[in-house]
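**Q** here's my sequence, what's the structure:
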Amino acid sequence: MMPRARPPAGSRSALALVAATNLLPLVGVVAFGWRVGELLAVYWIEVVVLVLAHSVAALFAERPIDLEDRSFYIVGYSENTELDEERWGTEPDPIHLVSWLPPIYRRNVGVVVRSLGIFLFLAFPLAWVGGDVLSYATPTVGLAAVGVCFAQVAEVRREFFAERAYENQSPYMVVEAAQRVVSFYLTIGMLAVPAVAVALISVEAVFGSGTLDAVAGALGPGAVLLPFLIPVTLAKTVVEWSRRRAFREDDPEGIATWFTGEDPRREWKKDEESSGDG
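**A** Here you go, the predicted model:
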């Protein structure tokens, strides 16, 4: 059975919709007093669920791992990692759980377990928040977390199971898709947070001590924290739009290429086509 044809790539109106949806929380912070911390908590939960959903999906991937000539290595793997030939060089034994799901493969469990070390990196924001983390465990965040879980599960089902992608991917490739998103967010965070902090300190230095307090008093405390939220929101917009393009386009360009992952067979096919054209 061939996979169903993918829908056409998104248009500018679709991009505008994704951007507007992600920029809406900024309006909520300024106009309606939404807590920046709660929004960031929901974003963090969304990333965690993304990783967990892809980890589960990786158990169903049929193809063996190929680490040759990769530029991105998931947590637990490197260019020096040696694969067990007996495990990855032979046909795997499928384990059928229920009739309405494809089989899982025991050899994939080790890949998933090793990759869960990514949670050490996801714990960085919690260390930064410290003891205040419990203050964000509100009913609003809980309700949003439930919605995030359903959305991520639906996304994985659509991209991985409905398209039968598990037949053409290895567990490494499935986990890689999520870890590329995490890597992108961490990079943006490490660059944006210090830059915004320096910018706010500079504002105080130029306009005088107490400037930010005055802004917070006039517009609310969220206005001062808003600059930290803007890079995260823009990064989230880039991630969602790029992942959509990576899924819908056979050969996406620009930053969307970061979220396509590395498929050795796809690269082999491109090299073959280039040789044929020559």
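**Q** for residue 95, what are phi and psi?
**A** Its backbone dihedrals place residue 95 at phi -120, psi 110, with angles given as degrees, to the nearest 10.
**Q** so who does it touch?
**A** 103-106 (CB atoms under 8 Å, 6 or more residues apart in numbering). No exception for glycine: its C-beta is placed from N, CA and C like everyone else's.
**Q** do residue 124 as well
**A** For residue 124, the contacting residues are residue 186, by CB under 8 Å, 6+ apart.
**Q** so how far is residue 55 from it?
**A** Separation of residue 124 from residue 55 (CB to CB, to the nearest Å): 19 Å.
**Q** buried ones from the contacts of residue 95, can you make that a PyMOL selection?
**A** Buried members of the contacts of residue 95, defined by 16 or more other CB atoms under 10 Å, are picked up in PyMOL with:
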select buried, resi 104+105
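**Q** go through the contacts of residue 95 and name the one nearest residue 224.
**A** Closest approach between those and residue 224, by CB to CB: residue 104, at 48.5 Å.
**Q** gap between the closest one and residue 97?
**A** Going from residue 104 to residue 97 by CB to CB gives 6 Å.
**Q** same check on residue 256?
**A** To residue 97, residue 256 is 34 Å away according to CB to CB.
**Q** and for residue 71?
**A** Distance of residue 71 to residue 97, computed by CB to CB: 35 Å.
**Q** what about the two, which has more around it?
**A** residue 97 (11 against 6; other CB atoms under 10 Å).
**Q** how about that one, secondary structure?
**A** Three-state assignment for residue 97 (DSSP: H, G, I helix; E, B strand; the rest coil): coil.
**Q** so residue 246 is in which element?
**A** helix 221-248 (DSSP states H and E).
**Q** which elements pack onto that helix?
**A** Helix 221-248 is packed against helix 12-32, helix 36-58, helix 171-207, helix 211-219, with contacts defined by 3 or more CB pairs under 8 Å, 6 or more residues apart in numbering; DSSP states H and E.
**Q** now the angle from the longest one to helix 211-219?
**A** Here the directions of helix 171-207 and helix 211-219 differ by 100 degrees (axes from the mean of the first three to the mean of the last three CA atoms, to 10 degrees).
**Q** buried ones in helix 171-207?
**A** Neighbour counts over helix 171-207 (16+ other CB under 10 Å) mark 171-186, 188-189, 192, 196, 200 as buried.
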